[in-house]
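[1] need the 3D shape of this:
(one chain, ligands or ions: 2)
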Amino acid sequence: MRSINIVNGKVWISSKFADAGISISNGMIQKIAKEYRLPDADVKFDARGKMVFPGFIDVHTHLRDAEYSYKEDFASGTSAAVAGGFTTVLDMPNTSPPITSVKALRNRIQTAKGRIYCDVGFYGTTNNPSIATELAEAGCIAFKAYLHKAIDSIIFDSEKIENLMVAAKKTRRLVCFHAEDPALINKNTRTAEEHLQAHPAKAEVSAIEQVIKIASKTQGKVHICHLSTREGLKLINEVRKLGTNISCEATPHHMLLNSAIIDELGGMAVVEPPLRPPADSAAILEGVSAGLIPIIATDHAPHALKEKGNQNPRPGFPQLETLAGLLFTLVNQERISVKRAIAAITENPASRFNLSRIGAMKEGFKANITILDPKKSWKIDSGTFYTKAKYSPFEGRSVRGKVFATIVGGELVYENGEIISKPKGDIVYGSEVRS
Ligand code: NCD
Ligand code: ZN
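    Ligands and ions are numbered 1, 2, ... in the order given. Model prediction:
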């Protein structure tokens, strides 16, 4: 593997920019120092005018593959990831077949090997405590509980949630929730307009209340995925102050889009939880900028274009290639500080999901690095996407800040619009979660 020196960039070290050089060899950050003090390298990467960050981490990605390869596969999904500056993504288990057993997890890991351009960790989903223990031993990063609909006939009542939290605690894993109360959503919707009415805010709030109650009882460690309501955020903050071990994530679409766009975009804008009225999206954006929502995640959920029409649209859309531009636009507009924005896609996910040796620019850490041009203005154009899902609810939006290059394990994988290396990403195995 060629050694690389990154020079002339603004390097993000300990939450601020420094004029420093980085020396990379054997897949690791070997030295961070003034450039004249770096050892010689095979390649000199000139990052003049660019920002150099620890590689971005996405804790909520649907890479699909297997029977859903027509929507996305490991190669296309992780290509989209590196094009979006992500060096690690955590893959959701609602695949076909779903990741509900050790056998399924091992199969999925085997299928991913040699086909991924960035590092990938895997979730498992189960309501059975002994399977949860086995999944943890087999290396799943965290557990996902879909409260709103059965995945492979796995459903969660309060007792099952409690059992999973106890098992997760023993294996020191985080339990992540899709928080919508199935009793309060109407699953028989046909059109995009009906979808919003069918997924009311109170369904999210009720599910969060249920999770909080059980987490307080079990002292479990929990995470609420794609938070979308002002009320839900309020609840989470109240109990966190009282000692409940709870975190949450926001997606770009719940921060930046609201339900008004459904009229214009129809099925294209359908997602779960849905895009909500402006008061909710404003609260989510404020929550991120105030540091109350510590993690930003994409919920990259690609579907085939023909599945996104107005009749019975599949929920979700691609987001790996749009997040960095959208987020840096907010930074450029001074609506989020660079410190909060970067922490939300590097150190915060790394520490909450206990991902070791990534998420910060430190000697001895893995050389996962994202180089961004903060001044580059561009328009979101799904025609340029690497994901198979060539559409976006942000289509045509002008943004400022673009990923220029992505380094994974010391290898320059993406540069200036092109994937330039083979798929050499690593599987990320879960280890003990810090309390
Ligand atoms: C996700 C998907 O398509 O897998 N869809 C979505 O609307 N968010 C499922 C999910 O994360 O809930
Ligand atoms: Zn979800």
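[2] can we go C-alpha only for contacts and neighbour counts from here?
    Will do.
[3] would you agree Ile407 falls within a strand?
    Yes: under DSSP: H, G, I helix; E, B strand; the rest coil, Ile407 falls within a strand.
[4] count of residues packed around the spatially closest residue to it that is not a sequence neighbour?
    Setting aside the residues directly before and after it, Ile407 is nearest to Ile369 in space (C-alpha to C-alpha, 6 or more residues apart in numbering), at 5.0 Å. Counted with other C-alpha atoms under 10 Å, residues neighbouring Ile369 total 27.
[5] what of Ile420?
    The local packing of Ile420 (other C-alpha under 10 Å) involves 12 other residues.
[6] how near is the residue nearest to Ile407 to Arg106?
    Distance of Ile369 to Arg106, given as C-alpha to C-alpha, to the nearest Å: 28 Å.
[7] what separation do you get for Phe385 and ligand 1?
    Distance of Phe385 to ligand 1, given as C-alpha to the nearest ligand atom, to the nearest Å: 18 Å.
[8] what of Glu231?
    Glu231 sits 19 Å away from ligand 1, going by C-alpha to the nearest ligand atom.
[9] pretty sure Val222 is in a helix, no?
    No: Val222: not assigned to a helix; according to three-state DSSP it is strand.
[10] hmm, back to that, let me see the contact set for the residue nearest to Ile407.
    By C-alpha atoms under 8 Å, 6 or more residues apart in numbering, the contact set of Ile369 is Val52, Phe53, Pro54, Gly55, Phe56, Thr87, Thr406, Ile407, Val408.
[11] residues in a beta bridge with it, which ones?
    Beta-bridge partners recorded for Ile369 (DSSP bridges): Pro54, Ile407.
[12] I'd like the distance between it and ligand 1.
    Counting by C-alpha to the nearest ligand atom - Ile369 and ligand 1 are separated by 27 Å.
[13] scan the helices and strands of the chain for the one with the lowest mean pLDDT.
    When the helices and strands of the chain are scored by mean pLDDT, DSSP states H and E, helix 192-198 comes last with a mean of 91.
[14] can you name the residues that contact Ser337?
    Ser337 neighbours (C-alpha under 8 Å, 6+ apart): Ser289, Val331.
[15] one step back: check the offset of the helix or strand just after the least confident helix or strand of the chain from the chain's centre.
    Following helix 192-198 in sequence order, the next helix or strand is helix 201-218 (DSSP states H and E). Put simply, helix 201-218 sits 22 Å off its chain's centre (C-alpha atoms, centre = their mean, to the nearest Å).
[16] likewise for stretch 6-18?
    Relative to its chain's centre, stretch 6-18 lies at 23 Å (C-alpha atoms, centre = their mean).
[17] what do you get for stretch 200-208?
    22 Å.
[18] start the count at 38, not 1, going forward
    Okay, residue one is now 38; in that scheme the one you just asked about reads as stretch 237-245.
[19] around ligand 1, pick out the residues from this structure.
    Contact residues (C-alpha under 6 Å from any ligand atom) of the chain with ligand 1: Val308, Glu309, Asp336, Ala338, Pro352, Gly353.
[20] give me the pLDDT for Val470.
    Looking at Val470, its pLDDT is 41.
[21] buried ones in the least confident helix or strand of the chain?
    Ala229, Glu230, His232, Leu233, Ala235 (16 or more other C-alpha atoms under 10 Å).
[22] now do stretch 399-418
    Result for stretch 399-418 [16+ other C-alpha under 10 Å]: buried residues 399-400, 402-411, 417-418.
[23] name the next helix or strand following the host helix or strand of Phe365 along the chain.
    Assigned by DSSP H and E, Phe365 belongs to helix 360-369. Next helix or strand after helix 360-369 toward the C-terminus (DSSP H and E): helix 375-382.
[24] before we move on, the earlier item: just the CA trace of the helix holding Phe365, in CSV.
    Output in CSV follows, covering the C-alpha atoms of helix 360-369 (Å, rounded to 0.1, in the frame of the first residue of the first chain):
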residue,chain,number,x,y,z
LEU,A,360,-25.8,14.9,3.4
ALA,A,361,-22.4,16.5,3.3
GLY,A,362,-23.5,19.3,0.9
LEU,A,363,-26.7,20.0,2.8
LEU,A,364,-24.9,20.0,6.2
PHE,A,365,-22.0,22.3,5.0
THR,A,366,-24.6,24.6,3.5
LEU,A,367,-26.0,25.0,7.0
VAL,A,368,-22.5,25.5,8.4
ASN,A,369,-21.8,28.1,5.7
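[25] what's next to it, contact-wise?
    Residues outside helix 360-369 that contact it (C-alpha under 8 Å, 6+ apart): 121-122, 289, 335, 373-375, 378, 411, 436-440.
[26] near the residue in the stretch 138-287 of the chain that ligand 1 sits nearest to, how many other residues are there?
    At 6.1 Å from ligand 1, His215 is the closest residue in the stretch 138-287 of the chain, using C-alpha to the nearest ligand atom. His215 has 21 neighbours, counted by other C-alpha under 10 Å.
[27] would you check how far apart it and Leu264 are?
    Counting by C-alpha to C-alpha, the separation of His215 from Leu264 is 9 Å.
[28] same question, Pro166
    Counting by C-alpha to C-alpha - Pro166 and Leu264 are separated by 26 Å.
[29] what about those two, which has more around it?
    It is Leu264, of Pro166 and Leu264, that has more neighbours when counted by other C-alpha under 10 Å, with 27 against 18.
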